Each structure stands twice: as structure tokens, then as C-alpha cells.
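Participant: Quick check, what structure comes out for this input:
(2 chains)
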Amino acid sequence: MSTSAAAAVTIDGVTKTFAKGGTVAVQDIDLEFQPGEFVSLIGPSGCGKSTLLRVIGDLVQPTTGTVQVGGKSAHQARLDRDYGMVFQEAVLFDWRTITKNISLPLELAGWDRSRRNERVKEMIDLVELSGFENHHPWELSGGMQMRVAIARALSFDPKLLLMDEPFGALDEMTRERLNLELLRIWEASGSTVVFVTHSITEAVFLSTRVVVMSPRPGRVAGIVDIDLPQPRTGDTREEPRFFELATELRELLRGRTPEGVH
Amino acid sequence: MATGWTRPFVVDDLTMPPMTDIVSRLWEPLAEGQPPLIRDLLDKSAFTMREAIAGFALGAVIGFTIGVVLHHSRLLRRGFLPYVVASQTVPILAIAPMVVIWLGGKGLPIWMPVAVIAAYLTFFPVAINTIRGLDSAEPRALELMRSYAASPWHVLWKVKFPASLPYIFAALKISATASVVGAIIGELPSSIQDGLGGAILNFNQYYSLDPTALWATNIVAAVLGIAFFGVIVLVEHLVVRAAPEHVA
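Facilitator: Residues are numbered from 1 along each chain as shown, chains lettered A, B, ... in the order given. Reported below is the predicted structural model:
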């Protein structure tokens, strides 16, 4: 696979075997994501999509293969704080207010107080949480907590956003609203997003490209370009092309190769 | 005079004086022409509390430091923790005379050795709960900090330490009462007459003549422990802002 210096993420021959029990989580993964792409990793549980995301973030070391983020090693990219991470749970700190939660990575990066406050204010506006600055996490709904987690991940303006089933624990309506918000934020920030999900419709709605993975061991079963027009709206979900793409993904997930995909 | 059901114990005014007698004893002088007993006991309480608070502070700092060190090194934890546990199986009465001899006559204030004995009793719960508390930080939170390339120092102070506070305060509440007990016991082998330990030893000898004096002293000692406990609870409420579901 060619290693372009401009690629946002380059995954080259990555295999991850866990020491405990020798489980092969992912095997022989080669992928390249371009700057500004919104890529979803989709697959059934056990397909290693979360592991692959953690390999990109240098939170899990690959057994073989290499990962480059923005032309650097994944390790260097983590040390340089080149990516923001969002988990399925918001992982907010109860002893910090919303403002303080969002400013945590900025404190770690050594920003001074006035610069931090200015930036947090921008982020609060971006995720539309004005009025909740001094609330504590437990006073917010699950959807609002997730918006705080997104604001925190974007606060230091990373080029790459890694998201591990961020809306998986939310109800359908909150999820659809946050999907729209995430797309708005993605367009505004211009960053690359790698998004893990097990929802077919979510993957089609959000992505410019979807990587379908098959389980045990986790492999790439197919890659589907999502050619729906931008920007996506509430009506996108009702377009015929949306259903065609969802069907295509479903077929790949079942292990069949539909026409026109290779 | 025996009233009510007291079997199998024989209860009379010597074994268990009436509460009214005990309380009123506080306002009677120790001997003819002296101030009321309560005055004497309050002076002694102040002395004992100084030992207890110094011992509590010393024990808390040592316990927390041991907890932080043992949290970070599995090897040290395995090697050192058994000795920490063993330290608490040695009766405090066996340790106290040694501490008094080691630290006595070195120009230190007379209450210092007693504070060290109180610290010996208070560091243990703090050390054990600090380890547990630091371990209690969520794996996801640690992964998040790793994604920010946070230093071990930042992980400790911004995540692990705040997560451990409920555990540490649980230990401090135990230590607060233990430090009062430690201070009183520590006074016994030191022949210190200025504190409640001295008073208890003294009133023990005259128990058959004046049981209410010892009972009154015990009550004052108990009130001290409860008050210290209450102060820690108050500080906990100010410091730990736990989510409503975390407040028991």
C-alpha cells in the first residue's frame, strides 16, 4: 500500500493478537483514510473494530504492522495530541463542572487560564450547551453528556477525531439529533473522523466511506463509498439511494459480495 | 438499687452509676475547694486533643504517602504491605513505652511521643484506603488520559486522587476516632498527667470510692472522639462533590 504523506491515517498490515488466550482481534488490515473523510468502521461484536480504533490511537499496540497518523507514527501522534477520542460512555469527571471537564485536555497541554476559558466558551457554543457551564455532569441527560465529551475531544482542535460507538447507549431520537449535530461539527472543524458503530443506518447517514468488518478474526470484508449528497439532512434517510447503500452494507455484513463492490 | 431487667449482670450504683449522677458529677469539685471536675477535664481534653490532632495529621500524611507509593509499585506492594499489616497486629501498649523512650528527652515537647503513638494507629486505614481509592479510577478515564499523553503526575492529581477521596475520607473518619484512643493510650506508659489518659488512670484507682468520676471522664473522651469525627464529616461535605447517587 502506498504511504502518502498527506493521508490522515495509514494502516499497513496490522494484526493484533491478544496475549490472553491468543485471540486474534484483527488480521492483515490495510486501510488509508484521507484528510476530511468521515469513515465508519462497522461490524458485528467481536470483529475488532474497537481494537482497530485503539491501534490508531496508540492505546493498543499492534502485534505486527504499522500505523501512521498524519505522516507520523501513531505513538508520536498521540504524544503530539493530534487526535481526540470519544468513547461509548461520556467519561466525564463528576467532581468537575462542564466547563472544567471540557478544559481538562487544555490544562494538560499547559494552556493558560484566559486562553482556556476563551476556547471552552467557543466549544460550549459549538455543541449548544450555553447555560450549563457550571453544571455538574450528573445534572445532564445522556445526550448532553455526550455533547460535552465531543466538545472536550475537539477542544484542542485535533486533526483527527476517533469515536468508539459514541451514540450506542442513547435512544433513537437523541441519536438522530446528535448525528446531525456531529455532521455540522465535522463540516465546521474540517477534521477527519473515524467512527465505530454497529448501526447500518448510522454508518450510511454519517459517512463518506464505510469499512465493513467480519468477525473472528477481524478482517475487512468490503469498503463502500457513500455517495449521498452533502450536506446530509433529516430527509437524507428517506432517499432511495440511502436504502440501496444500507442494503449493500447489510449484504456485506452477511458475508455476501453484492454487485459493484470489490 | 436495682431497677428493671438486668440479668445476668448484677447492676448497682458501683457497676453502672445513674446517668444523672455521672452528669452532675461534672459540676462537683474533685476535692474540697477546687474548681468543678469539668474544668479539669476540659483542660486535659485540650492537651489530649493536641496529641490526637498532631497524631492524626502525621498518620494521615504517612498513610497517604505509603498508599501512593504502594499503588504505583506492584513489587513494593507485595513486599511491603505484609509489614504494614503486621504493624497493626502488635498491641499499641507494647509499642508505646519504646516510642516514649526513643523520643523522650530529645528536647521535644512532652506530647510529641504520644502524637507519634496516635499516628501509629491512624496511618493504617488511610494507607489501605488510599491504595483502594487510587485503584478505583475507571479504566476508561485512564485510557482517556493516555489519549491526551498525560504525565503520571497529571493522572494522579487530576483523576486518581479525586476518585480516591471518598475512600480516603472513609479512612479519615476511622482515624479521627482512633487518634483520640491512641492519644489516651499513649499517655499511660509516658506517665503524662496533663491529659485524659492520666485522669483515667487516676480515677481507675479510686473507682470503688468514686465511680462517677471515671464514667464522667469516659463520656468526655467519647464526646471528643465524636466531635473530631463530626469535623471530618463536615470537611468531607465541603470537599467531595459526589453525584447524588454516590452519597449514601
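Participant: Show me the shaky parts of the stretch 151-262 of chain A.
Facilitator: A:256-262 (pLDDT under 70).
Participant: What parts of it come near chain B?
Facilitator: A:Leu162 (C-beta under 8 Å from any C-beta of the partner chain). Backbone N, C-alpha and C define where each C-beta goes, glycine included.
Participant: Looking at the stretch 151-262 of chain A, which residue is nearest chain B?
Facilitator: Proximity to chain B, evaluated over the stretch 151-262 of chain A using C-beta to the nearest C-beta, is greatest for A:Leu162 at 7.9 Å.
Participant: That residue: helix or strand, and which one exactly?
Facilitator: strand A:160-164 (DSSP states H and E).
Participant: which secondary structure elements does that strand contact?
Facilitator: Packing partners of strand A:160-164 (3 or more C-beta pairs under 8 Å, 6 or more residues apart in numbering or on different chains; DSSP states H and E): helix A:49-56, strand A:83-86, helix A:142-154, strand A:192-197.
Participant: quick one, what contacts the residue of the stretch 151-262 of chain A closest to chain B?
Facilitator: By C-beta atoms under 8 Å, 6 or more residues apart in numbering or on different chains, the contact set of A:Leu162 is A:Leu53, A:Ile56, A:Gly57, A:Tyr83, A:Gly84, A:Met85, A:Val86, A:Val194, B:Ser147.
Participant: One more pass at 7 Å, please.
Facilitator: Applying C-beta atoms under 7 Å, 6 or more residues apart in numbering or on different chains to A:Leu162 gives the contacts A:Leu53, A:Ile56, A:Gly57, A:Tyr83, A:Met85, A:Val194.
Participant: next SSE after the strand holding A:Leu162?
Facilitator: Downstream of strand A:160-164, the first helix or strand assigned by DSSP H and E is helix A:172-189.
Participant: of all the contacts of A:Leu162, which comes closest to B:Trp215?
Facilitator: When the contacts of A:Leu162 are ranked by distance to B:Trp215 (C-beta to C-beta), A:Met85 comes first, at 63.0 Å.
Participant: and the residue nearest to the closest one when sequence neighbours are not counted, how many residues sit next to it?
Facilitator: Spatially, and ignoring its direct neighbours in sequence, A:Met85 is nearest to B:Ser147 (4.2 Å; C-beta to C-beta, 6 or more residues apart in numbering or on different chains). Residues within reach of B:Ser147, counting by other C-beta atoms under 10 Å in any protein chain shown, total 23.
Participant: how about CSV for the contacts of A:Leu162, with neighbour count added?
Facilitator: Shown next, in CSV, are the contacts of A:Leu162 (neighbours: other C-beta atoms under 10 Å in any protein chain shown):
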residue, neighbour count
A:Leu53, 21
A:Ile56, 29
A:Gly57, 24
A:Tyr83, 27
A:Met85, 28
A:Val194, 25
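Participant: And B:Arg25, how close does it get to chain A?
Facilitator: Plainly put, B:Arg25 is 48 Å away from chain A if you go by C-beta to the nearest C-beta, to the nearest Å.
Participant: returning to what we had before: which one among the contacts of A:Leu162 gets closest to chain B?
Facilitator: The shortest approach to chain B among the contacts of A:Leu162 belongs to A:Met85, at 4.2 Å (C-beta to the nearest C-beta).
Participant: Sheet-wise, list the partners of the strand holding A:Leu162 with their directions.
Facilitator: With DSSP bridges as the test, strand A:160-164 is paired with strand A:83-86 (parallel), strand A:192-197 (parallel).
Participant: Which stretches in chain B count as helices?
Facilitator: B:19-25, B:37-72, B:74-89, B:92-103, B:112-135, B:139-147, B:152-155, B:161-187, B:196-205, B:211-239 (DSSP state H).
Participant: got the angle between the worst-scoring helix or strand of chain B on mean pLDDT and helix B:161-187?
Facilitator: In chain B, no helix or strand scores lower on mean pLDDT, DSSP states H and E than helix B:92-103, which sits at a mean of 85. Using axes from the mean of the first three to the mean of the last three C-alpha atoms, to 10 degrees, the direction of helix B:92-103 lies 80 degrees away from that of helix B:161-187.
Participant: Sketch out the low-pLDDT regions of chain B for me.
Facilitator: For chain B, the stretches with pLDDT under 70 are B:1-4, B:241-248.
Participant: As a quick check, tell me the outermost residue of it.
Facilitator: Computed with C-alpha atoms, centre = their mean, the residue of chain B farthest from its C-alpha average is B:Ser147, at 41.4 Å.
Participant: so it touches A:Leu59, yeah?
Facilitator: Yes. B:Ser147 is within contact range of A:Leu59, at 6.4 Å (criterion: C-beta atoms under 7 Å).
Participant: before we move on, the earlier item: got JSON lines for the strands paired with strand A:160-164, with distance to B:Lys44 too?
Facilitator: JSON lines is the format used below for the strands paired with strand A:160-164 (distance: least, C-beta to C-beta, whole Å):
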{"stretch": "strand A:83-86", "distance to B:Lys44": "59"}
{"stretch": "strand A:192-197", "distance to B:Lys44": "67"}
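Participant: tell me the most buried of those strands?
Facilitator: Among these, the stretch with the highest mean neighbour count (mean count of other C-beta atoms under 10 Å in any protein chain shown) is strand A:83-86, at a mean of 27.
Participant: Average pLDDT for that strand, rounded please.
Facilitator: Averaged over strand A:83-86, pLDDT sits at 94.
Participant: What is the helix or strand just after it packed up against?
Facilitator: Once the chain leaves strand A:83-86, the next helix or strand it forms, by DSSP H and E, is helix A:98-108. The helices and strands touching helix A:98-108, judged by 3 or more C-beta pairs under 7 Å, 6 or more residues apart in numbering or on different chains; DSSP states H and E, are helix A:113-126, helix A:142-154.
Participant: sorry, back to before: report the angle between the strand holding A:Leu162 and helix A:172-189.
Facilitator: Orientation check (the same axes, to 10 degrees): strand A:160-164 against helix A:172-189 gives 170 degrees.
Participant: and strand A:160-164 with helix A:49-56, angle?
Facilitator: For strand A:160-164 against helix A:49-56, the angle by the same axes, to 10 degrees is 150 degrees.
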